[in-house]
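Peer 1: Pasting a predicted model and its sequence here:
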Amino acid sequence: MTLGFYPGCSLKGSSREYAESVLSVAKAFDINLEEIKDWNCCGATAAHNMNKELSLALPARILSLAERQGLTEIIVPCAACYSRLTVTKHELSEKPDLKALVIDANGLVYTGSVNVLNIVQFLDKYIIPNLDGKVVRPFDHKVACYYGCLLVRPHEILKFDREEDPQTLDVLMLKAGATPIDWAFKTECCGAGLSVSRTKSVGRLSGKIIGDAKDRGAEAMIVACPMCHSNLDMRREEINTYLGEKVDMPVLYITQAIGLAIGLDRKALGLQRHFVKVTV
Amino acid sequence: MSSDTHHSGISGLGGEVLDHTDVKVSHCYQCGKCSAGCPLSEEMDYPPSVIMRMLQTGNPALEDKVLRSFSIWVCLTCEMCFARCPMSIDIPKMMDFLREKSINEKKANPKAKEIIAFHKSFLDSIRYTGRLYEIGLFVDYKTRTLRILEDMALAPKMMKRGKLNIIPELIKDRSGVAAIFRKSKKLKSEVLSPKSEASDSRLPSSVF
């Protein structure tokens, strides 16, 4: 089976291991992820903070390219890209005038027909139904499933899971043999795009998240967003400073945890690339 | 003028917010849930519920303070306020509009210099290569802010783990992406040009 794939910039750089694990898991289930040709950046936080039209036109170009390539469904592992693509689809379907402006800026055909799936929806739809018998090494650990912001909000547009106390990642991890814990920071923001410009704030926000998970006995944190991962993993020094102790709980992408459970090679999942050593 | 705007006839910045984003500041009844749930409200000069109140007054001096506030820039757009608002007011969407207007009118808060520099460096990277080039972003950001030493230890650690590309990923249709930037910039000035109708019909603040 072949599905469309939009990696986004992080998965080609600082979150390379996320791409590696997504592709490895897909391959293990005979799914070919076909990259959108000549894709561009979605514009992320910077575009919608500075220029509304740009923040719609950049994602619209990506969706147009997918249409041109004949892709009807695309997998978008980055929660921020997923949010931008989904919000764009929504805005352009609600506002025909805005759609006309964006099409003019892009010079490409845009009908809005491409179905956009986040990583959890992809796993739920294509992996979980075939998981039985594949779990050779259950992920037998207490885990804190962290959703962050953009996977679940705004609910009015994404219509995915619940805004408070979502469950989809927890259910996936349960099926992979883990014990998800109840905790308080599932959907609190990690500090996201302020990582470089206000690092101390990010240390505080991410510190609260890591601190609560650790206090409640989590042995690993499970995430589905490269921004969350880079703040919680690469900013661990700032987090530890905020917490006043050294916390070495690793942060894994959901696809890395599922990959381990089905017996994939640790290197194929990019576990060696993390700042906080993955000991689970 | 962008055709996605309507003319509510309501004066002032609250009316502009309504015209451009469909967000109704008048619906806020000051319960304060947005400010309670906002992860960064303690770093803001005015928490989200106070911004809402300032806009409700229709007082031009307070509206000016909103556009000059640090709050609108430190807002992470995490969408928590919108999720918890009992009146479903899309505060993040309003914040996007306020930020853009604040920049356009050269009213951006000086404390937000680094945040804005980061956004600009980010967008420049996309404008020229089509994708984010992380090393280019760092260098450009440091040039803009002169915060040279910060995060210098991070780059070699990322490099060692294969997390930084030396060579940028260049897309083929860079001129197409550059055209999107050009046209969006044009749209921006159209959308945000002061509306004569709105200022003409400006009501005294006492009606609120």
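Peer 2: Cool, the structure landed.
Peer 1: make it CA atoms for all contacts and neighbour counts henceforth
Peer 2: Noted.
Peer 1: so what pLDDT did residue 10 get?
Peer 2: All of this refers to chain A. With respect to pLDDT, A:Ser10 scores 95.
Peer 1: hmm, I had chain B in mind actually
Peer 2: Note for B:Ile10: predicted pLDDT of 83.
Peer 1: for chain B, what are the nearby residues on the stretch 151-280 of chain A?
Peer 2: Residues of the stretch 151-280 of chain A found near chain B (Cα under 8 Å from any Cα of the partner chain) are A:153-155, A:163, A:188-189, A:191-194, A:196-198, A:205, A:272-274.
Peer 1: Run a quick neighbour tally on the residue of the stretch 1-150 of chain A found nearest chain B.
Peer 2: Of all residues in the stretch 1-150 of chain A, A:Ser14 sits closest to chain B, at 4.1 Å by Cα to the nearest Cα. Using other Cα atoms under 10 Å in any protein chain shown, A:Ser14 has 23 neighbouring residues.
Peer 1: Can you name the residues that contact the residue of chain B at minimum distance from chain A?
Peer 2: The nearest approach of chain B to chain A comes at B:Lys163, 4.1 Å away (Cα to the nearest Cα). Taking Cα atoms under 8 Å, 6 or more residues apart in numbering or on different chains, we find B:Lys163 in contact with A:Gly13, A:Ser14, A:Ser15, A:Arg16, A:Arg273.
Peer 1: Pull the number of nearby residues for A:Arg236.
Peer 2: Neighbours of A:Arg236 using other Cα under 10 Å come to 23.
Peer 1: same question, A:Thr279
Peer 2: Applying other Cα under 10 Å, we find 10 residues neighbouring A:Thr279.
Peer 1: Am I right that it is in a helix?
Peer 2: No - going by DSSP: H, G, I helix; E, B strand; the rest coil, the assignment for A:Thr279 is coil, not a helix.
Peer 1: before we move on, the earlier item: could I get the contacts of B:Lys163 in TSV, plus columns for secondary structure, pLDDT and distance to A:Asn106?
Peer 2: Converted to TSV, these look like this (DSSP: H, G, I helix; E, B strand; the rest coil; pLDDT from 0 to 100; distance: Cα to Cα, whole Å):
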residue	secondary structure	pLDDT	distance to A:Asn106
A:Gly13	coil	92	26
A:Ser14	coil	93	28
A:Ser15	coil	96	28
A:Arg16	helix	96	29
A:Arg273	helix	97	37
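Peer 1: Mind picking the one among those residues that's closest to B:Ala83?
Peer 2: Nearest to B:Ala83 out of the contacts of B:Lys163 is A:Ser15 (Cα to Cα; 28.2 Å).
Peer 1: Give me the phi and psi angles of the nearest residue to that closest one once chain neighbours are set aside.
Peer 2: Of all residues not flanking A:Ser15 in the chain, A:Pro226 sits nearest, at 5.9 Å (Cα to Cα, 6 or more residues apart in numbering or on different chains). Torsion angles at A:Pro226 (phi, psi; degrees, to the nearest 10) stand at phi -60, psi -30.
Peer 1: Now the strand or helix carrying A:Ala60: average pLDDT?
Peer 2: If you go by DSSP states H and E, A:Ala60 is part of helix A:52-68. The predicted model gives helix A:52-68 an average pLDDT of 96.
Peer 1: what sits up against it?
Peer 2: A:4, A:36-44, A:47-48, A:72, A:74, A:84-85, A:88-89, A:102-103, A:105-106, A:108-114, B:96-97, B:177, B:180-181, B:184-185, B:187-188.
Peer 1: so how far is stretch A:189-198 off the chain centroid?
Peer 2: Distance of stretch A:189-198 from the chain centroid (Cα atoms, centre = their mean, to the nearest Å) equals 16 Å.
Peer 1: can you pull the contacts of residue 103?
Peer 2: Here I'm looking at chain A. Under the criterion of Cα under 8 Å, 6+ apart, the neighbours of A:Ile103 are A:Ala57, A:Ala60, A:Val109, A:Tyr110.
Peer 1: nope, chain B please
Peer 2: By Cα under 8 Å, 6+ apart, the contact set of B:Ile103 is A:Met50.
Peer 1: Repeat that for the one 4 residues further on.
Peer 2: With contacts defined as Cα under 8 Å, 6+ apart, the neighbours of B:Lys107 are B:Leu67, B:Arg68.
Peer 1: so which helix or strand takes in it?
Peer 2: Per DSSP H and E, B:Lys107 falls between elements, in no helix or strand.
Peer 1: which residue of chain A sits farthest from its center?
Peer 2: The C-alpha centroid of chain A is most remote from A:Asp97, which lies 31.0 Å away (Cα atoms, centre = their mean).
Peer 1: SS state for that one?
Peer 2: What three-state DSSP gives for A:Asp97 is helix.
Peer 1: Show the model's pLDDT score for it.
Peer 2: 88.
Peer 1: ditto for A:Ala46
Peer 2: A:Ala46 is assigned 92 on the pLDDT scale.
Peer 1: Might you report the residue contacts of the residue nearest to it when sequence neighbours are not counted?
Peer 2: Counting by Cα to Cα, 6+ apart, the nearest residue to A:Ala46 once its immediate chain neighbours are dropped is B:His119, at 4.6 Å. For B:His119, the contacting residues are A:Thr45, A:Ala46, A:Ala47, A:Asn49, A:Met50, by Cα under 8 Å, 6+ apart.
Peer 1: check which helix or strand covers the second one.
Peer 2: Pointing back at A:Ala46 there. For A:Ala46, the element it lies in under DSSP H and E is helix A:44-50.
Peer 1: contacts for that helix?
Peer 2: The contact list for helix A:44-50 (Cα under 8 Å, 6+ apart) reads A:54-55, A:80-81, A:84, A:193, B:96, B:99-100, B:103, B:118-120, B:122-123.
Peer 1: buried residues in the helix holding A:Ala60?
Peer 2: In terms of neighbour count (16 or more other Cα atoms under 10 Å in any protein chain shown), helix A:52-68 has its buried residues at A:52-67.
Peer 1: What of stretch A:253-266?
Peer 2: Result for stretch A:253-266 [16+ other Cα under 10 Å]: buried residues A:Tyr253, A:Ile254, A:Thr255, A:Gln256, A:Ala257, A:Ile258, A:Gly259, A:Leu260, A:Ala261, A:Ile262, A:Leu264.
Peer 1: where does A:Thr179 land on pLDDT?
Peer 2: A:Thr179 carries a pLDDT value of 98.
Peer 1: is it in a bridge, and if so with what?
Peer 2: On the basis of DSSP bridges, A:Thr179 takes part in beta bridges with A:Lys142.
Peer 1: Where does pLDDT dip in the stretch 1-150 of chain A?
Peer 2: By pLDDT under 70, the stretch 1-150 of chain A contains no weakly predicted segment.
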